[in-house]
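Asker: The following block contains a protein sequence and its predicted model.
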Amino acid sequence: MHETELQDLSDDADYAASQQQGSRSISGSDSGKRSMSSEPDGAEVVYLKDNVTIHPTQYASERISGRLRLIKQGSSLFMTWIPYKAHSSGNDSESDRNLYTIKAVPFTDIRSIRRHTPAFGWQYMIVVLSSGLAFPPLYFYNGGVREFLATIKQHVFLVRSADDANAFLVNDIQDPLQRTLFSLELSRAVSVSNVPSASVSVSPAPSIENSQRTDGDSYDWSSSISQYNGRHRQKVQDPARDLSIQVLEKFSLVTKFAWETTSILFRESHNNDFGADERKNFIQSLPDNIRDTEHNNTEKVPEEIPVASDPLEFDKLTLVWGKPRQPPLGSDEWATFLDSEGRIMDSKALRNRIFYGGVEYRLRKEVWKLLLGYHAYDSTLAERDYLCSIKKTEYESIKRQWQSIPPEQAKRFTKFRERKGLVEKDVVRTDRSVSFYDGDDNPNVRLLRDILLTYSFYNFDLGYCQGMSDLLSPILFVMEDESESFWCFVALMERLGPNFNRDQNGMHSQLFALSKIVELLDSPLHNYFEQNDCLNYFFCFRWVLIQFKRQRKKRGWGTPENGGTIEEEERGEDKLGEFEYEKTMRLWEVLWTHYLSEHLHLYMCVAILKRYRKKIMGDQMDFDTLLKFINELSGHIDLDATLRDAEALCICAGENGEACIPAGTPPSLPVETGLSYSQQDDI
Amino acid sequence: MSYAYLFKYIIIGDTGVGKSCLLLQFTDKRFQPVHDLTIGVEFGARMITIDNKPIKLQIWDTAGQESFRSITRSYYRGAAGALLVYDITRRETFNHLASWLEDARQHANANMTIMLIGNKCDLAHRRAVSTEEGEQFAKEHGLIFMEASAKTAQNVEEAFISTAATIYKKIQEGVFDVSNESYGIKVGYGGIPGPSGGRDGSAAQAGGCCS
């Protein structure tokens, strides 16, 4: 398991200011109580609550319930949360249990507690440590949050935030200025920059390594996380300033305001060593009112936002839930998933791993066949080899069906002629900027044609439709084998075939489900689309049809923000093509894991729309403008960050989200066979 | 860049007739035989001058395949002009014109100006549809007609601009209520400001006016 039980919140808006005094109080908190393991002698339990639960994923079956306690020893207060013993003896759940266990945490190490009381669903709270790290939300199934806070108040100094009645600051704070700062929202955090910077940059922020040591070996900070950080470490010279500027400039939104705020946050957290991707993600996670602040508006803080605010507090959500991406699965690690005969021992763990990092290029040939369902996870290497040879013969015989049609017969076979003409026209218009397919008489382009035509005979009813060549091209690129590509494509079409139905019902059902999910997760945005006649969601059509391929700018249109052109993309069009091609493959293998949901691509759509919700509603975009805007986002979507957002949204939507998606909506298998799939994959 | 008017155009017609190439030739003055096939819709824009007035054309280039018709139909909304394109070397693309026209009539506003274009006229040796047939079809259905070549650029400029001239004429004649954007026309400076903002821009790369 590569899970972390602590989520980094150091870049969260609400903790921006609290970092200030946090760094100061830290130095006094190493009082030796950290080493305390379980309940010490002479300790008194002052609060106890059962059925306090962590939701590691959206699935009810994976929730972990436990007992929350407050323990008083001497003048110190500790918090513990110990999960109940598992009913099932699955490895996963047991290690999850250990992973999430909160051993005695002294309140001197806790910065703040935020209480959440949603209109429906359980109350929960998020406990944030001085380091800026946070435990996952603790859900109180039997209530008791108020009592919990009241008990704490009796023993330690607890201040309610002036601006947010649900945020409570733990620890004594002497400096009234600092105390006020905590309660400030990020939109006003510009004032933070006026605080003498010495208190910011000199005090060492606790590093991840520190927390690791503190929390003992039961907190299995995955090795890949440190690897991941290590990779970025050399590159990051001056993490505080350079990156913040660089990243902000990339978004054409450099303002004095955002600039300073971000620099501070980066300086704050640079000891935490999180990588460039996180920073970028953070920038993207900035609330709209920061990111969209006009350049000439530096002094003024936007007090009023003309559009309805996001009911989900999307930006915070992402920080709490969206996990950092990992490096792709490599050969050594891949070998650990296989038994001696090549079976995948734990397909769910494999899918989890790929979900969070993808696969190294040279492994794709092998892994994609499994992900796509062409090979079964429990097949042996020998069985897979045997299947390949059988399938090769089968492919050849289907291919011969159309190859053996003589010209005389073709004259009387309009449907065939049309189909062949269409395929031939389209393969030369598919990914030609990728060197694998460029140039005249490229044999790979011929292979695309042969496979697509063969498929149109294999599935004559579906035939050929534009978009298929876009889906096949990366598969052939990876497989480098005609028959294997064909069968992988067949497996993919089992799921995505309805995208290409003549009546477009597969597309319509996905766009419908998308509208329901947006309604669930962002009703103001949904209402906006409804009022502006945009509920058909056709503006997401290409995203859904070809799974976010072609996120590359085709021509020199302006960027969404400023209407200008981006020169570097013009210059290196071909190179960028290859780069985006790789990105697409990475995204696809993540989507194909069906790890959190079969419909993560829909949550990707939601994530992007939410990212731009303020622009969409603030600019009063009508259907035409919105469609154009979305089209022009091509080349501007950070797939990793969007994946993280999508993950957060998917978890947040949980079962309510899945309920928005009618059974059989692609890429789910059609309803009649859907059952066997869900049993097999245990979702 | 400022403009007096913005016209929304839509390019329709069977797949592979050269819609995207016509657009690229018009906006970038180049022919790119190798390009990605259009999924959904692509956009292009260019300033032209008619009657000494800068006019911005915002052009929607649609996917041609039959399966996508239900989606394409939603793009007709608010188009002032349409280029209906067929390929003079492929008879079937001509045969399908009636169904395209039916779609356009049904989903676009009634005053939309439609230009019929027989593309690929550089391939005269492979011609499968005569110029007369194209003219005849246009006459029967009240369309403007031209044969053009996205490859050689022949008549490309003219096709886009004479369509604009026709729309402009309709505005002068009071056919459109230009304050109603469902006609696919936006008024630039002096009226509703266009998305490109200020009124101090020059008239841009003006193409030659219509004949």
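Answerer: The structure has been received and is ready for your questions.
Asker: what secondary structure does the residue at minimal distance from the centre of chain B sit in?
Answerer: Closest to where the C-alpha atoms of chain B average out (C-alpha atoms, centre = their mean) is residue B:83, at 3.7 Å. Here residue B:83 is strand, with the state taken from DSSP: H, G, I helix; E, B strand; the rest coil.
Asker: Excluding chain neighbours, what is closest to it?
Answerer: residue B:11 (4.6 Å; C-beta to C-beta, 6 or more residues apart in numbering or on different chains). Backbone N, C-alpha and C define where each C-beta goes, glycine included.
Asker: mind pulling up the phi and psi values for that neighbour?
Answerer: Dihedral pair for residue B:11: phi -110, psi 120, per degrees, to the nearest 10.
Asker: For residue B:35, see how far away residue B:28 is.
Answerer: 11 Å (C-beta to C-beta, to the nearest Å).
Asker: Residue B:120 now?
Answerer: Taken as C-beta to C-beta, the span from residue B:120 to residue B:35 is 15 Å.
Asker: Just want to know which of these two has more residues nearby.
Answerer: More crowded of residue B:120 and residue B:35, by other C-beta atoms under 10 Å in any protein chain shown: residue B:120, with 25 against 17.
Asker: ok, that one touching residue B:89?
Answerer: Yes. Between residue B:120 and residue B:89 there is a contact under C-beta atoms under 8 Å: 5.6 Å.
Asker: What's the mean pLDDT across the helix or strand hosting residue B:8?
Answerer: Using DSSP states H and E, residue B:8 sits in strand B:5-12. Over the span of strand B:5-12, the pLDDT mean works out to 96.
Asker: and if you look at stretch B:52-61?
Answerer: The model assigns stretch B:52-61 a mean pLDDT of 96.
Asker: OK, contacts around residue A:535?
Answerer: Taking C-beta atoms under 8 Å, 6 or more residues apart in numbering or on different chains, we find residue A:535 in contact with A:515, A:529.
Asker: Could you point out the longest helix of chain B?
Answerer: helix B:156-172 (DSSP state H).
Asker: Tell me the helix or strand right after the longest helix seen in chain A.
Answerer: What stands out as the longest helix in chain A, according to DSSP H, is helix A:381-403. Next along the chain after helix A:381-403, taking DSSP H and E as the criterion, comes helix A:407-411.
Asker: List the buried residues in that following helix.
Answerer: Buried residues in helix A:407-411, counting neighbours by 16 or more other C-beta atoms under 10 Å in any protein chain shown, are absent.
Asker: so what does the next helix or strand after that helix touch, helix or strand wise?
Answerer: For helix A:407-411, the succeeding helix or strand toward the C-terminus, using DSSP H and E, is helix A:414-427. If contacts are counted by 3 or more C-beta pairs under 8 Å, 6 or more residues apart in numbering or on different chains; DSSP states H and E, helix A:414-427 sits against helix A:407-411, helix A:443-458, helix A:468-479.
Asker: out of those helices, nearest to residue B:134?
Answerer: Closest to residue B:134 of the helices and strands packed on helix A:414-427 is helix A:407-411 (C-beta to C-beta; 25.8 Å).
Asker: Please say whether there is contact between that closest one and chain B.
Answerer: No. Judged by C-beta under 8 Å from any C-beta of the partner chain, helix A:407-411 stays clear of chain B, getting no closer than 14.0 Å.
Asker: could you say what helices and strands that helix packs with?
Answerer: Under the contact definition 3+ C-beta pairs under 8 Å, 6+ apart, helix A:407-411 sits against helix A:414-427.
Asker: Report the mean per-residue pLDDT for the longest helix of chain B.
Answerer: 96.
Asker: Dump that helix to CSV, keeping only the CA atoms.
Answerer: Listed next in CSV are the C-alpha coordinates belonging to helix B:156-172 (Å, rounded to 0.1, in the frame of the first residue of the first chain):
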residue,chain,number,x,y,z
VAL,B,156,-11.3,30.5,-51.1
GLU,B,157,-11.0,34.2,-50.2
GLU,B,158,-13.9,35.0,-52.5
ALA,B,159,-16.1,32.4,-51.0
PHE,B,160,-15.8,33.6,-47.5
ILE,B,161,-15.9,37.2,-48.4
SER,B,162,-18.8,37.1,-50.8
THR,B,163,-20.8,35.3,-48.1
ALA,B,164,-20.0,38.1,-45.7
ALA,B,165,-20.9,40.7,-48.4
THR,B,166,-24.3,39.1,-48.7
ILE,B,167,-24.8,39.1,-45.0
TYR,B,168,-23.7,42.7,-44.8
LYS,B,169,-26.1,43.6,-47.6
LYS,B,170,-28.9,41.9,-45.6
ILE,B,171,-28.0,44.0,-42.6
GLN,B,172,-28.1,47.2,-44.7
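Asker: Pull out the buried positions in that helix.
Answerer: Those would be B:156-168, B:170-171, for helix B:156-172 by 16+ other C-beta under 10 Å.
Asker: circling back to that earlier point, how far off helix B:156-172 does the strand holding residue B:8 point, in degrees?
Answerer: 130 degrees (axes from the mean of the first three to the mean of the last three C-alpha atoms, to 10 degrees).
Asker: by contact count, what packs against strand B:5-12?
Answerer: Looks like strand B:5-12 contacts helix B:19-28, strand B:53-62, strand B:81-87, helix B:97-107, helix B:156-172, strand B:185-187 (3+ C-beta pairs under 8 Å, 6+ apart).
Asker: neighbouring strands for that strand, and are they parallel or not?
Answerer: Strand B:5-12 sits in its sheet next to strand B:53-62 (parallel), strand B:81-87 (parallel), strand B:185-187 (antiparallel), going by DSSP bridges.
Asker: any low-confidence regions in chain A?
Answerer: A:1-41, A:58, A:86-96, A:119-120, A:131-133, A:171-306, A:313-322, A:551-576, A:672-683 (pLDDT under 70).
Asker: can I see the domain layout of it?
Answerer: Using automatic domain parsing, the domain ranges for chain A come out as A:3-309, A:380-500, A:505-659.
Asker: what residues does the helix or strand of chain B with the lowest mean pLDDT touch?
Answerer: Ranked by mean pLDDT, DSSP states H and E, the weakest helix or strand in chain B is strand B:185-187, scoring a mean of 85. When contacts are defined by C-beta under 8 Å, 6+ apart, strand B:185-187 is touched by residues B:4-8, B:80, B:167, B:171, B:176, B:178-179, B:192, B:194.
Asker: which non-adjacent residue is nearest residue A:505?
Answerer: residue A:498 (6.4 Å).
Asker: still on that earlier bit, distance to residue A:64 added to the helices and strands packed on helix A:414-427, as CSV?
Answerer: As requested, these are exported to CSV (distance: least, C-beta to C-beta, whole Å):
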stretch, distance to residue A:64
helix A:407-411, 63
helix A:443-458, 45
helix A:468-479, 38
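Asker: Please identify the deepest-packed of these.
Answerer: Comparing the helices and strands packed on helix A:414-427 by mean neighbour count (mean count of other C-beta atoms under 10 Å in any protein chain shown), helix A:468-479 comes out on top with a mean of 23.
Asker: Check whether it comes near chain B.
Answerer: Yes. Judged by C-beta under 8 Å from any C-beta, helix A:468-479 comes into contact with chain B at A:469, A:470.
Asker: hmm, back to that, so what's the gap between the longest helix of chain B and the chain middle?
Answerer: 9 Å (C-alpha atoms, centre = their mean, to the nearest Å).
Asker: what's the angle between it and helix B:19-28?
Answerer: Using the same axes, to 10 degrees: helix B:156-172 against helix B:19-28 is 80 degrees.
Asker: what comes into contact with helix B:156-172?
Answerer: For helix B:156-172, contacts defined as C-beta under 8 Å, 6+ apart pick out B:5, B:7, B:9, B:22, B:25-26, B:46, B:48, B:50-51, B:53, B:55, B:57, B:59, B:80-81, B:83, B:111, B:113, B:115, B:117, B:144, B:146, B:148-150, B:176, B:178, B:185, B:207-211.
Asker: Nearest spatial neighbour of residue A:607, chain-adjacent residues omitted?
Answerer: Nearest to residue A:607 is residue A:645, by C-beta to C-beta, 6+ apart, at 3.6 Å.
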